Structures are given as structure tokens and as C-alpha cells.
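Asks: Sequence and computational prediction follow.
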Amino acid sequence: MNDLNELAAAYGVETSYSDWRRRPADVPPDTIRAVLTALGADVSSPGAVRDELERLRQEREARLLPPAVVAYAGEDVTAPAGAALSVALAGGGEIALLPVGEAYRLPPDIPLGGHMLHARLRDRTASAPLLVAPPRAPDPGERAWGFMAQLYSVRSRGSWGMGDLADLRRLASWSGADLGAGFVLVNPLHAGEPAPPIRPSPYLPMSRRFTSPLYLRPEDVPEYSSAGPDVRHRVDELAGPARLRDHTTAELDRDAVWAAKDAALRLLYALPRTPGREAAYAAFREREGTALTAYATWCALAEVHGADWRSWPGVLRDPASAGVAAERERLADRVGFHAWLQWLLDDQLGAVQAAARAAGMPIGVVHDLAVGVDPGGADAWAYQNLFAQGMTVGAPPDAFNQRGQGWGQPPWHPQRLAASGYAPYRDMLRHVLRHAGGLRLDHAMQVFRLWWVPDGASPADGTYVAYPYEEMLGVLLYEAHQAGAVVVGEDLGTVEPYMREVFADRGVFGTSMAWFERDSGGAPLPPPKWRELCLATVATHDMPPVEGFLHGDHIALRERLGLLTRPASEEYAEQERWLREWRDLLAALGLDPSDMTAALHAFLARTPSRLVGISLADAAGERRTQNQPGTTDEYPNWRVPLTGPEGRPVLLDDLPADPHLLKAIEPVRARLG
């Protein structure tokens, strides 16, 4: 191994990997150098590389403990041989850890949560915060099924032009009480831009720590109920034009939705709050602390200077600067407004989960966690030193995205995140899980490794960078345990077998998708061979619904957009082969392939998978895909409202009596409902 490759290995940077066809692939040396530079290593010359290796060696020898330790109850903590380890418990008292082989074992009954770990080796001592996590994620219990919905697309007669939390509350109540659903899984509800233009992708947020006020229902704000007739009339006037769009198939217009809601919410913000409400708001702000203040400050500044902090005046680029403090004071009303919006969201999110549980759902709402954030957004501004600069997260080429993907998101810097004690990661998880029965990890490999692409390079010329997965997973399991929430990892695409093994050992569900589940010979995987610990689905939001897939819409679209790397004729031939194999398998199982949607759902119900997800788009008869990877404006990604088989708008109010939907989900209800 040469020095550069040795340094890459020390930083967790892969110099070769297996591609989606399981063929070996080498990483370009320029990529390795760029990634190491982003990690803070000096690779400007062979001598500099050797100096870096020596510095790392000396650091390893001098360190007794890492900056922060995450460990599992009843399992091992590593430390230099011969060291004496003890845990100072948060509740008082101290436990000496006994060596077991080359490690030190935590007692199985040690309290979960934060403690202090102390180490002594001869005349050297060290201390580090210790987070003790449960060995496994919470178990959801019996088999359950639920709808998977892109919430913004699910409109009702009360919506303001796109689906919101009131709609989610109704969807959960109806599907739980009337259909026997155990959960409802929604797209990420992370915060976007605070003012137009608001980009549509829920997977490229400005903050994963906070929630988008686009999903608020203004009429559910208590101040609306107590407002005078003039204010209520004005709010209703603002809702009128937005509601007219609910009855059309026009692309969703987030800018228009927010313009109406922003005006209405400003009216309600100006109204006096009762003493009880004021006390609750103060308690919320105290609980959320400096993170809420930083986010609300970013929002107020973004309204003035735009939603990319990198283009702001220099004095405002540092959140701790005197200039930012002065602007926070000057914009105090706007800062307060954005903090207030998060309080309203916390209240309405809580109402959704409460309604889901009241409807009999054992899990309730499963929230989705995006992989990362916009480089110009609130999180990237507040935690600048924890992100690797000059890099974007993406994915290498695979069967469905043959040119690879670049997602425009800066990755966490693994070493700096660890040095922070994983604090912003933990805070983010706690926020998303606060009113959740489950959490879906989009691109679940984010816990293990991410595909880093140097700015300006092709997504195919990236490489994997490792993360401290035991620690990252431990933080996740602890927060999930605190919330009592099931964890689902979207482990599709290029996934090393050990990752799925780790998830299974820790009680984290995987994701199995019908179209891509195949045996060693390439044939569709029969139901008994599916995983038990997984969420079984037909497809994902990055693929067309069943009706679109049957017609090859995804092939025609990718051909038109120049996203194919082989002739379309080969794609169509493979598509026909896939569908023929599926129809033969379904018929052999006694299922009717003439109605593929119902038959595929019946197929999922016959697998041993503990969770079965039914796309609401499939159930309603939608044909259009929500997102075409590899595009931005070439296709109306994330702007497609829910429609039925004839292409007409489908409103939430009409779903309970929709014969197409009831027929599509009946096989699942019969077995799991």
C-alpha cells in the first residue's frame, strides 16, 4: 500500500469499491486527494502525506479515550490495554469496568443515557462523555401495514393548495380506524426556504433540525378560533384562491401556498395569547434553546439577504459574530415569528401522532429523515465547521441511475462530528422523533458511509467515506428508544452485506422493494424468501407507480431526458422480461395478474415482512412518478398532485369511498388489517 492509500485508509476513504454489478472499481487518485483535503489532511506532496501519517500515529498512541464514547448496554468499550476504566453515573455513583479480553464490558443493567467515562493508565488520565444506548431498536410488535404518502400531494377540501398536517391527521385517523392500518409513512417534513422561491424537493432541506411551516393549517392555530370576525374573514379570504387549486391537476405551487399562509399567520402572530399559551410558548423556546434561536435568526436574515448564507455580507456569515447579534436584535420581530412557527408545528405534529394512536395505530406516523441539507441553508450556517467543504453527497451509478447521482448536500465531517459528541446529530434525531412512532432513514447507508463527490466532478468519480457507524447507530437507537419509535432503513442500491447484518442485529428494519428483489438467478424473489425484519413495498418515490411502471413510463422519460446509458430498446426488452416473470410468478401463486396493483399488494401480504407499505399513489391509481433522479427542472419533481386512473384530482375527502383504492388494498387488509 502506498502512502496516499494508507492515509486514505486512516481517514476511512475508500480507494476501491464494488459497483452495482459487484465488479471492482478503482477510485481516481484526484478524487482521493480532494476528499482527504476536505477532511483536513495535507496531501500537497509525498512528504506532506508521510507527515500526516506520522501525526495520526502519534495521536493514536497519546489518546486514552476518544472525544465522546457511544456504547451499548451489556457490551464492550475499547481502551488501551492495562487501563483502568470507570463510569460516573449521571444519577450518582460510580461503576468500575472489568476487562474482558481486550475490551471493557458495560453492565447490562447500566442506566441508558449520558454518563462520564474515566480512564487511567499509569500516570495518564482522561475523561469523555459516555452515551449508553440500548442494544436494539424498539420492536413494533405484530405485523402491520400502512400508507406511504407524499404529504404535499395529498390535498383535501380544506387544504391551502397542498397537503398539510391537518390532512395527515385525517389520513391517519381514517386509515387507522376504518382500514386497520398500523402506520402512515410520510416524506421528510424538514424546513425549506423561509421565503419564495421555495424549492420543491423535501430531500434538499434548509434544516433537518426544524420543520417546514408550509405544512401548518392556519385554522388550527388556537388564536384563529379566538380571533375577531375581521381577522377570521381575512384568513378565510387568503385561503380561498389556494383552495381553488386543490381541484386542478396543475403543478403544486409552494410559493403561492406560502404567500397565502405567511400572510395569514402574520395576522395570527400579532394577536395576544392567553397566559397559558404564552407560558407554553416560553417553555418551548427554553427547551429548544440556542438551536431554535440560530434557526430563527437564519430565517430572518434569509428573508433580507436570500436563502444562501454564503452570498451574505461577510459579517453575517459567522453565526457567532457581533454583526449577527446586532441583526438579530434589529429583526427581533421576524426572529420571534419564525420561532413561533416552530412552536405551532410542534403542536400540530403532536396532534397528528395523538390522532393516529387514538385511531388504533400501534405505530402511528413514521417520519422520513433526508440524507443531508442544502449547503447554503440554516444547518450548514449554524454548524459550518462540522461539514466537509468542497464536497457533495451522492450515489454511484446503479441499475436505475446509470450516471450516478449528486445531491448537492455537504456531508458531515466524520471526525469533527465525533469530536462534538454527535450533539447536532442527536438534537436533530430528537426533534424528528418527538412526535413519531417510527423513523425512516432515507439512504440508510448514511449511518455507515456516504458517497462523496468533489465539487465539479462527475458523480461517477466519487468515493465512499466511512462514518463511525457503531456510534452513529447507537445515538439513533438511544433517541428511538426515548421516543418508542421503530427504525426503518432504506437499504436499497449498492449496500454491503455487513450493513444489513448490523441493522438486523440492532433491530433496525430494512426495505425490500418488489421490482428489485431478485434471487441469484435474477428471477423475482418468491414471498417466503423475503426478509422478516423489513418494510416491504412495491416501489419508492423515485420510481413510477405501478400503472406507470407497467407502461414503461420511466424508460420513456429517461430516454427523453438523456439519462440512459444503453439503448432504449434494451431497456424495454428488459422491462418486458421483468413483467413477464412477475405475471408468471403471480399466476403461479394463484393471484390475478390482470390487476397488477392488487396482485402485487397480495404478494407483499404473503411475505413474512413485518411491515408492509402501500403507496397511496398506487392505491389511488396514479400513473405519474413524483421524482425522476438526475433531474431538477426537466421534470416537475415533487410537484405532482395526487390523481386517479383517469388523471383527475383525488382529494382526501373522497378516498374512503374510492372503489379503486379499496380494491387495491383489500388483499393487504385481509391478511394484516
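Replies: Thanks, I have the structure now. What you are looking at is a predicted structure, and each value in this text was computed from that prediction instead of being measured.

Asks: Quick check: which element contains Arg157?
Replies: When elements are assigned from DSSP states H and E, Arg157 belongs to no helix and no strand.

Asks: thinking it is in contact with Asp246, fair?
Replies: Yes: Arg157 is in contact with Asp246 according to Cβ atoms under 8 Å; the separation is 6.9 Å. For every residue, glycine as well, the C-beta is placed using N, CA and C.

Asks: any common contacting residues for these two?
Replies: Residues touching both Arg157 and Asp246 by Cβ atoms under 8 Å, 6 or more residues apart in numbering: Leu651.

Asks: Of the two, give the one with the bigger neighbour count.
Replies: Asp246 (22 against 11; other Cβ atoms under 10 Å).

Asks: right, and that one touches Asp653 too?
Replies: No: if you go by Cβ under 8 Å, Asp246 and Asp653 don't touch, sitting 10.0 Å apart.

Asks: Outline the domain layout of this protein.
Replies: For the chain, automatic domain parsing gives the domain ranges 3-62, 74-133, 144-211+346-672.

Asks: which helix of this protein spans the most residues?
Replies: In the chain, taking DSSP state H as the definition, the longest helix is helix 275-305.

Asks: Of the domains of the chain, which stretch is the most buried?
Replies: When these are scored by mean count of other Cβ atoms under 10 Å, the highest mean neighbour count falls to domain 144-211+346-672 (a mean of 20).

Asks: Can you get me the start-to-end distance on that one?
Replies: Counting by Cα to Cα, to the nearest Å, you get 6 Å between the two ends of domain 144-211+346-672.

Asks: Next: stretch 325-341.
Replies: Stretch 325-341 has its terminal residues 21 Å apart, counting by Cα to Cα.

Asks: go on, stretch 390-402?
Replies: Length of stretch 390-402, first residue to last, Cα to Cα: 24 Å.

Asks: chain center to it: distance?
Replies: Remark: stretch 390-402 is offset 17 Å from the chain centroid, using Cα atoms, centre = their mean, to the nearest Å.

Asks: go on, stretch 47-60?
Replies: Distance, stretch centre to chain centre, for stretch 47-60: 36 Å (Cα atoms, centre = their mean).

Asks: contacts for it?
Replies: Here stretch 47-60 makes contact (Cβ under 8 Å, 6+ apart) with Asp3, Leu4, Glu6, Leu7, Ala10, Ala41, Asp42, Val43.

Asks: farthest-separated two in these?
Replies: For the contacts of stretch 47-60, the farthest-apart pair by Cβ to Cβ is Glu6 and Asp42; their separation is 14.6 Å.

Asks: residue ranges with poor pLDDT in the stretch 51-200 of the chain?
Replies: Within the stretch 51-200 of the chain, no stretch has pLDDT under 70.

Asks: Am I right that Ala96 sits in a helix?
Replies: No: assigned with DSSP: H, G, I helix; E, B strand; the rest coil, Ala96 falls outside any helix and is strand.

Asks: going forward can the numbers begin at 38, since that is how I track them
Replies: Will do, 38 is the new start, and the previous item becomes Ala133.

Asks: for the residue nearest to it when sequence neighbours are not counted, phi and psi?
Replies: Using Cβ to Cβ, 6 or more residues apart in numbering and skipping residues adjacent in sequence, the residue nearest Ala133 is Ser123, 4.9 Å away. Dihedral pair for Ser123: phi -150, psi 160, per degrees, to the nearest 10.

Asks: what's the strand or helix carrying Leu154 packed up against?
Replies: Using DSSP H and E, Leu154 falls within strand 150-158. Applying 3 or more Cβ pairs under 8 Å, 6 or more residues apart in numbering; DSSP states H and E, we find strand 150-158 packed against strand 121-125, strand 161-170.

Asks: Point out where this protein drops to low pLDDT.
Replies: Applying pLDDT under 70 to the chain flags residues 38, 436-437.

Asks: Show me the strands in the stretch 488-637 of the chain, by range?
Replies: In the stretch 488-637 of the chain, the strands defined using DSSP state E, counting those that start in this stretch lie at 500-503, 523-526, 547-550, 571-574.

Asks: Out of those strands, flag the one nearest Thr602.
Replies: Per Cβ to Cβ, nearest to Thr602 of the strands of the stretch 488-637 of the chain: strand 500-503, 20.3 Å.

Asks: Show me what the closest one is packed up against.
Replies: Here strand 500-503 touches helix 66-75, strand 486-491, going by 3+ Cβ pairs under 8 Å, 6+ apart.

Asks: can you do 10 Å?
Replies: helix 40-47, strand 53-55, helix 66-75, strand 486-491 (3 or more Cβ pairs under 10 Å, 6 or more residues apart in numbering; DSSP states H and E).
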